[in-house]
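> give me a 3D structure for the following:
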Amino acid sequence: MKCRHYLGAALALLLSLISLTVSAMNVSTENGQKIYHLSLAETWGPNYPILGDTTKSMKAMAEKMSNGRLQIRIDSSNKHKAPFGIFDMVKAGQYDIGHTASYYYKGKIPNAMFFTTVPFGMIAPEQYAWFYYGGGMELMQKVYKPLGLLSFPGGNTGNQMGGWFRKPINSLEDLQGLKMRTPGFAGEVMSRIGVAVTNIPPGELYTALERGTIDALEWVGPALDLRMGFQQIADYYYTGWQEPAAELQFLINQDVWNKLPGDLQEILRVAMRTAAYDMYAQSMDMSGEALDTIHEKYPNVKIKTFPPEVINALRKATKEKLAEMAASDPLSKEIIDSQHEYLRKIRKWTDISDKAYLESVSVEN
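Down below sits the predicted model:
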């Protein structure tokens, strides 16, 4: 019996080691040159536009700049079957890199939410400035390093829409008990004013709205919403408050990163940063095109803004949530203070530059 027990334990250990070997970074040699094979898991489905284009762009740049010394395999959600499991898989070493949104993992690391977006916070140019010149990157690594991970900006959608609703929202009363898909900080805030919040993987959103599992949802904006078909179900499309910028992330296993030569680390860093910026530009372009399509082909869609009563309640709930997080955790307070102080400074420039320009001129027809 003991022998059988030891044999079983040995077999389990062997299978575990085999599994780790398969999933960890693989290094091969070709023509005397070491080739580093990395695996990347993404939250998105195969060939998903904009979000999925970003991983493909990063892969192509990294492989070209490294002269083939970096090789990256991308597994979409249909392959790994865990769209919201990226954090765990990269942390465990099942994948070397992940492409996802940090606020999906608020249950495991609440401070991760700050690095996607904060309601009523920074717009994309302000957020990028904070990341690279205002201390944001250092704070992000302070959150992820104890977990054996590195996080890098992974592409911004820009200002997101407030969501698709089957009925108009004319007052706070209209939101009471409303079942809505909205993730991250927005979900925390919405639940405070009476919304029944849920999070659903991207591939299930249309069906959930169509079948009445949810009454409303917010996804991204015209560029990605139109292809999902929400305009065929919901007539009311509200402007945003919850995600003035939405930054995705490249999540990297720290042990894997440490094993890469310094020049390949830098190539990967540049490829991720360039792909992230390109996603922002692509999202802007495609949202403009998609909005034109909505106006031309879907006259049923009414684009609306939430009434002041609702916006004021959402702002109040956001401030309360931030105050609670700051009071309960020193690192939360450090991040909140950093973002607040940076926004106080940078918004003065935004107001007299972009905002003043947009308010004083109009596009000629």
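
> distance of the residue lying closest to Thr116 once chain neighbours are set aside from Gln242?
Nearest residue to Thr116, sequence neighbours excluded (Cβ to Cβ, 6 or more residues apart in numbering): Tyr103, at 4.0 Å. C-beta: built from backbone N, CA, C; applies to glycine. Computed as Cβ to Cβ, to the nearest Å, the Tyr103 to Gln242 distance reads 11 Å.

> mind listing the shared neighbours of those two?
Among the neighbours of Tyr103, those also in contact with Gln242 (Cβ atoms under 8 Å, 6 or more residues apart in numbering) are 117, 185.

> so where do the strands sit in the chain?
Here the chain has its strands, by DSSP state E, at 26-30, 33-42, 70-75, 97-100, 149-156, 163-165, 179-181, 196-198, 216-217, 236-238, 247-253, 302-304.

> in a markdown table, list these along with mean neighbour count, distance to Phe114 and mean pLDDT.
Formatted as a markdown table, those follow (neighbours: other Cβ atoms under 10 Å; distance: least, Cβ to Cβ, whole Å; pLDDT from 0 to 100):
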| stretch | mean neighbour count | distance to Phe114 | mean pLDDT |
| --- | --- | --- | --- |
| strand 26-30 | 11 | 34 | 91 |
| strand 33-42 | 19 | 22 | 97 |
| strand 70-75 | 18 | 27 | 98 |
| strand 97-100 | 28 | 15 | 98 |
| strand 149-156 | 24 | 11 | 98 |
| strand 163-165 | 25 | 21 | 98 |
| strand 179-181 | 21 | 21 | 97 |
| strand 196-198 | 16 | 19 | 96 |
| strand 216-217 | 24 | 23 | 98 |
| strand 236-238 | 20 | 24 | 98 |
| strand 247-253 | 27 | 10 | 98 |
| strand 302-304 | 13 | 29 | 98 |
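
> any idea which of those strands gets closest to Asp285?
Taking Cβ to Cβ, strand 149-156 is the member of the strands of the chain nearest to Asp285, at 13.4 Å.

> show me what that closest one is packed against.
Helices and strands touching strand 149-156, by 3 or more Cβ pairs under 8 Å, 6 or more residues apart in numbering; DSSP states H and E, are helix 51-65, helix 86-92, helix 124-133, helix 136-144, strand 247-253, helix 254-259, helix 262-297.

> name the helices or strands packed onto the second one?
For helix 86-92, the contact count by 3+ Cβ pairs under 8 Å, 6+ apart identifies strand 33-42, strand 97-100, strand 149-156, strand 247-253 as packing neighbours.

> also the fourth one?
Helix 136-144 sits against helix 124-133, strand 149-156, helix 330-350, with contacts defined as 3+ Cβ pairs under 8 Å, 6+ apart.

> give me the contact list for the second one.
Here strand 149-156 makes contact (Cβ under 8 Å, 6+ apart) with 50-51, 54, 87, 90-91, 99-100, 102, 115, 124, 127-128, 131, 140-141, 143-144, 245-254, 257, 269, 272-273, 275-276, 278-280, 283.

> just the first one next, same as before
The contact list for helix 124-133, computed with Cβ under 8 Å, 6+ apart, reads 117, 121-122, 136-137, 140, 153, 156, 158-159, 244-245, 247, 277, 280, 338-339, 342-343, 346-347, 350, 354.

> let's have the strands of the chain in JSON lines, adding distance to Glu334.
JSON lines is the format used below for the strands of the chain (distance: least, Cβ to Cβ, whole Å):
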{"stretch": "strand 26-30", "distance to Glu334": "38"}
{"stretch": "strand 33-42", "distance to Glu334": "30"}
{"stretch": "strand 70-75", "distance to Glu334": "34"}
{"stretch": "strand 97-100", "distance to Glu334": "24"}
{"stretch": "strand 149-156", "distance to Glu334": "16"}
{"stretch": "strand 163-165", "distance to Glu334": "31"}
{"stretch": "strand 179-181", "distance to Glu334": "31"}
{"stretch": "strand 196-198", "distance to Glu334": "27"}
{"stretch": "strand 216-217", "distance to Glu334": "33"}
{"stretch": "strand 236-238", "distance to Glu334": "33"}
{"stretch": "strand 247-253", "distance to Glu334": "19"}
{"stretch": "strand 302-304", "distance to Glu334": "37"}
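
> with respect to Val310, which of the ones you listed lies nearest?
Judged by Cβ to Cβ, the one of those that comes nearest to Val310 is strand 236-238, at 9.4 Å.

> that closest one pairs with which strands, parallel or anti?
Each strand that strand 236-238 pairs with, and the sense of that pairing, follows from DSSP bridges: strand 163-165 (antiparallel), strand 302-304 (parallel).
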